[in-house]
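Trainee: Just to be clear, the model below is a prediction. Sequence and coordinates:
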Amino acid sequence: MLLRDIAHSRTGDKGNRSTISVIAFDLKDFAAIERCITAERVRKHYGDIVKGEVDRYVLPQLGALNFVLHDALGGGVTRSLALDAHGKCLSSAILGMAVE
């Protein structure tokens, strides 16, 4: 199944970093999300978009994971030549990841 089947996402950006939260619709699905959606998989999923590290923070009481993607916005929203590689575009992309 795809992550979008069991979770939604929210995002923000600051400078050259993007933050993406993945939130389970139902807490019973959080264990699978936590197990499958690792920082390494997220880094690989975004490929060349993310030039830096990916940090993952686990918020089990909220049924959420928060990822910080460093050096991911082409120098920052105001400096990037990308048309829309920020915010909702990146959070939508994470929902295409597979969850077992």
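Mentor: Thanks, I have it.

Trainee: what are the phi and psi values for the nearest residue to C36 once chain neighbours are set aside?
Mentor: Spatial nearest neighbour of C36, excluding adjacent residues (C-beta to C-beta, 6 or more residues apart in numbering): V99 at 4.8 Å. In short, each C-beta sits where N, CA and C put it, glycine included. Torsion angles at V99 (phi, psi; degrees, to the nearest 10) stand at phi -120, psi 130.

Trainee: ok, V99 touching R4?
Mentor: No. Checked against C-beta atoms under 8 Å, the pair V99 and R4 is beyond contact range at 9.5 Å.

Trainee: Okay, now the unreliable bits of this protein?
Mentor: Low-confidence segments of the chain (pLDDT under 70): 75-88.

Trainee: how about a cut-off of 90?
Mentor: By pLDDT under 90, the low-scoring segments of the chain are 11-18, 48-49, 71-98, 100.

Trainee: who touches the most centrally placed residue in it in this structure?
Mentor: Centroid-nearest residue in the chain, with C-alpha atoms, centre = their mean: I20, separated by 4.0 Å. Going by C-beta atoms under 8 Å, 6 or more residues apart in numbering, I20 touches 9-11, 42, 66-67, 69, 90-91, 94.

Trainee: Farthest-apart pair in those, please.
Mentor: Spanning the widest gap among these are R10 and V42, at 14.9 Å by C-beta to C-beta.
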